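A.B. asks: What shape does this take:
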Amino acid sequence: MKQLIVTFLFAGMILSAKSQKIAEIKKELATTQDPFGYVKYKLKKKYVIDTITIVSSTSFLGMADSIAYKGKTGKVYGPFKGQNILIKILAKLPNTFYHVSHIVLDTSVFKKQFADSLADNIINRIQTGNTSFETMSGTYSADGVSAAKGGDLGWFVRGVMLPQLDQAIASHKKGELFKVWTPAGLHIVTIKDNPKKDDGFALLLRVIL
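C.D. replies: Numbering: from 1, shown residues only. Okay, here's the model as predicted:
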């Protein structure tokens, strides 16, 4: 029993020393004026430089773009569970983001002429106050993910949507309701907010410990 306690204490001391060392590395990496030289010559560790494009500021595909958007320039993050790396955000650049909601009428289900007529009817009902965009999205939209949110696509970067949709969104203003044909079907779109500039790109330094 005594030997077991000593083993646990020794293991705890090793973990504590390792955590303290990583904390020191993070502090030095965050404050150095030459992060590449620090990693290469002092730490003698491998590193990778990544440019991350932030597609959406409201939903993230993984850890990298989440840190790229939410993290602060110059700060060091990690290490992460299952990934023995540190990440320093070297720089950020802006991009234009849009916030829209849409209803997708699936033209593989509806004939084009019927879809067009249905879209006009839906738009008229929304504009006259007989129903809401959110209700119509839940009833008719083929996009189940956004339909569960009332058609809301959140904030997404310019250029990520289908070209027809992207061009139409750029040419309309907040509050407008309109139709757009794309290969995915007929979209009924409303602009939720004015476009905004936000963090769209991040340069990350990944240090492999």
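A.B. asks: contacts and neighbour counts: CA atoms only from here.
C.D. replies: Will do.
A.B. asks: Pop the domain breakdown of the chain in here.
C.D. replies: Using automatic domain parsing, the domain parsing of the chain gives 2-94+197-208, 97-195.
A.B. asks: Confidence-wise, which of those domains is weakest overall?
C.D. replies: Lowest mean pLDDT within the domains of the chain: domain 2-94+197-208, at a mean of 86.
A.B. asks: starting at the chain centroid, how far to it?
C.D. replies: The gap between where domain 2-94+197-208 is centred and where its chain is centred comes out at 19 Å by CA atoms, centre = their mean, to the nearest Å.
A.B. asks: Please apply the same query to stretch 155-171.
C.D. replies: Between the mean C-alpha location of stretch 155-171 and the chain-wide mean there is a distance of 16 Å, by CA atoms, centre = their mean.
A.B. asks: Tell me the buried residues in it?
C.D. replies: Going by neighbour count (16 or more other CA atoms under 10 Å), the buried part of stretch 155-171 is 155-158, 165-166, 169.
A.B. asks: now swap in stretch 35-46 and tell me
C.D. replies: Using 16+ other CA under 10 Å as the test for burial, stretch 35-46 gives 35-36, 38-39.
A.B. asks: Now render these as TSV, adding secondary structure and distance to residue 82.
C.D. replies: What follows is those, written out as TSV (DSSP: H, G, I helix; E, B strand; the rest coil; distance: CA to CA, whole Å):
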residue	secondary structure	distance to residue 82
35	helix	24
36	helix	24
38	helix	24
39	helix	21
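A.B. asks: Format these as CSV; extra columns: distance to residue 205.
C.D. replies: Formatted as CSV, the entries for the buried residues of stretch 35-46 read as follows, by distance: CA to CA, whole Å:
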residue, distance to residue 205
35, 8
36, 8
38, 12
39, 10
